[in-house]
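**Q** give the three-dimensional model of this entry:
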Amino acid sequence: MAIPPEKLKELLHAEAVRLGFAAFGVAGTEAPLRRAYFEQWLADGRHGGMTWLERNNDRRLAPKKLLATPAAEPRARSLVFVGMNYFQTEPPRRYRIAKYALGRDYHNLMVKRLRKLAALLRTHGGEARTWVDTGPVLEKPLAAQAGLGWQGKNTLLIHPKLGTWLLLGVIATDLELPPDHAGRDHCGACTACLDACPTRAITATVTNAEGASVPDTLTWTATSGTITPSADTLSATLDNAAVGTVTVTATDTTGLTASVEFEIVDSTPAAISLTVA
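**A** Below you'll find the model as predicted:
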């Protein structure tokens with residue numbers, strides 16, 4: 001006799017915890033996707049060089065097709081989401097490195113565990129396919145629909161207890177599991193992430209200009225006169241991670257520009273001054 005969907009979900013949750021995942025939830029394949037936002041984001045070129053986001057959108061925007069083949073009907077019914085907490089204290093080092101890159105490749109680590117979770121679905125007669133950043137899945141809005149948190153103004157998924165420190169994995173299955181309630185948006189009128197972003201890459205609510213994050217060429221816009229970014233500002237803008245020659249360009253409202261190259265040594269650039277003629 002087949003196991004009830006509610007019981008299978010409980011078993012999956014318990015196994016996810018045993019495998020080391022800090023968050024778990026289920027969304028249906030008809031869950032809201034922010035489709036219009038994503039399509040406009042692509043049309044505006046906000047994906048920068050991530051051209052793979054232009055491909056497979058027939059499945060990315062219709063999750064029920066995630067298990068489909070050209071000869072088969074769409075049959076995915078549920079999406080099982082897990083989150084792995086990657087927060088850790090800063091180890092002693094000379095330069096800043098993103099926390100997700102401090103250990104082993106998380107893709108390999110998570111996929112091995114995610115496949116074990118998928119095996120449980122197959123044991124109970126389901127088909128299952130796993131992805132960690134590699135499939136045509138809009139993970140963040142769907143993970144929010146699965147109850148793992150909400151998508152903040154910085155576009156990241158925010159877990160109510162773990163914050164943004166979650167790496168996401170997903171399993172598509174043809175089994176119908178009870179979906180979780182969508183996470184409630186707690187951002188409200190807060191603009192802390194927009195105000196703190198050193199490169200102003202966060203341009204509006206749930207909008208992120210990927211090409212604007214820590215660029216090789218930094219641009220200041222002015223109405224006229226001289227622009228003098230301070231050493232502190234430059235260090236913050238580069239996230240204390242750059243060493244070498246960087247070009248800084250100042251642009252006035254008429255389109256005239258002035259550029260200068262400078263060396264960053266030990267992540268401490270000298271103050272520079274640019275005059276737009």
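**Q** when you work out contacts or count neighbours from here on, use the C-alpha atoms and nothing else.
**A** Fine.
**Q** which element is Leu42 on?
**A** helix 35-43 (DSSP states H and E).
**Q** mean confidence for that helix?
**A** For helix 35-43, mean pLDDT is 89.
**Q** ok, the residue nearest to His186 when sequence neighbours are not counted to Ile158 distance?
**A** Leaving aside its sequence neighbours, His186 sits nearest to Trp150 (C-alpha to C-alpha, 6 or more residues apart in numbering; 7.6 Å). Summarising the geometry, the distance separating Trp150 from Ile158, computed by C-alpha to C-alpha, to the nearest Å, is 5 Å.
**Q** more neighbours: these two, which one.
**A** For Trp150 against Ile158, the residue with the higher neighbour count under other C-alpha atoms under 10 Å is Trp150, and the figures read 27 against 24.
**Q** what sits against that one?
**A** Applying C-alpha atoms under 8 Å, 6 or more residues apart in numbering to Trp150 gives the contacts 141, 144, 157-159, 182-186.
**Q** show me the residues you listed that map onto helices.
**A** With DSSP state H as the criterion, helices contain 141, 144 from among these.
**Q** mind picking the two most distant members of the contacts of Trp150?
**A** Maximum pairwise distance among the contacts of Trp150 (C-alpha to C-alpha): 14.7 Å, between Pro141 and His186.
**Q** ok, now which ones touch Leu114?
**A** The neighbours of Leu114, taking C-alpha under 8 Å, 6+ apart as the test, are 130, 169-171.
**Q** tell me, what residue is most central in this structure?
**A** Nearest to the geometric centre of the chain sits Leu156, at 5.4 Å (C-alpha atoms, centre = their mean).
**Q** so that residue makes contact with Leu166?
**A** No. Counting by C-alpha atoms under 8 Å, Leu156 stays clear of Leu166, with 9.4 Å between them.
**Q** lowest-pLDDT helix or strand in this protein?
**A** Within the chain, no helix or strand scores below strand 217-222, which has a mean of 40 by mean pLDDT, DSSP states H and E.
**Q** any low-confidence regions in this protein?
**A** When residues are selected by pLDDT under 70, those of the chain lie in 1, 69-72, 203-277.
**Q** ok, which stretches of it are helices?
**A** In the chain, the helices defined using DSSP H lie at 5-18, 35-43, 57-60, 106-123, 139-145, 192-196, 231-237.
**Q** point out the most buried one among the ones you listed.
**A** Comparing the helices of the chain by mean neighbour count (mean count of other C-alpha atoms under 10 Å), helix 139-145 comes out on top with a mean of 25.
**Q** who does that one touch, helix- and strand-wise?
**A** The elements that helix 139-145 packs onto, with contact taken as 3 or more C-alpha pairs under 8 Å, 6 or more residues apart in numbering; DSSP states H and E, are strand 23-28, strand 150-151, strand 157-158, strand 166-173.
**Q** looking at these, spot the one closest to His124.
**A** Of all the helices and strands packed on helix 139-145, it is strand 166-173 that lies closest to His124, at 11.3 Å by C-alpha to C-alpha.
**Q** could you list the paired strands of the closest one along with their orientation?
**A** When sheet partners are counted by DSSP bridges, strand 166-173 sits next to strand 78-85 (antiparallel), strand 128-131 (antiparallel).
**Q** need these in TSV (columns: distance to Ala118 and mean neighbour count).
**A** Written out in TSV, the entries for the strands paired with strand 166-173 read as follows (distance: least, C-alpha to C-alpha, whole Å; neighbours: other C-alpha atoms under 10 Å):
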stretch	distance to Ala118	mean neighbour count
strand 78-85	9	25
strand 128-131	6	21
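**Q** now Thr164. Nearest residue, chain neighbours left out?
**A** If the residues on either side of it in the chain are set aside, Thr164 comes closest to Ile158, at 4.7 Å by C-alpha to C-alpha, 6+ apart.
**Q** pretty sure that neighbour contacts Gly147?
**A** No. With contact defined as C-alpha under 8 Å, Ile158 and Gly147 do not form a contacting pair (10.6 Å).
**Q** circling back: now the strands paired with strand 166-173 in JSON lines, please, with extra columns for distance to Arg104.
**A** As requested, these are arranged in JSON lines below (distance: least, C-alpha to C-alpha, whole Å):
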{"stretch": "strand 78-85", "distance to Arg104": "13"}
{"stretch": "strand 128-131", "distance to Arg104": "17"}
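**Q** so for Gly25, which of these sits nearest?
**A** Closest of the strands paired with strand 166-173 to Gly25 is strand 78-85, at 5.3 Å (criterion: C-alpha to C-alpha).
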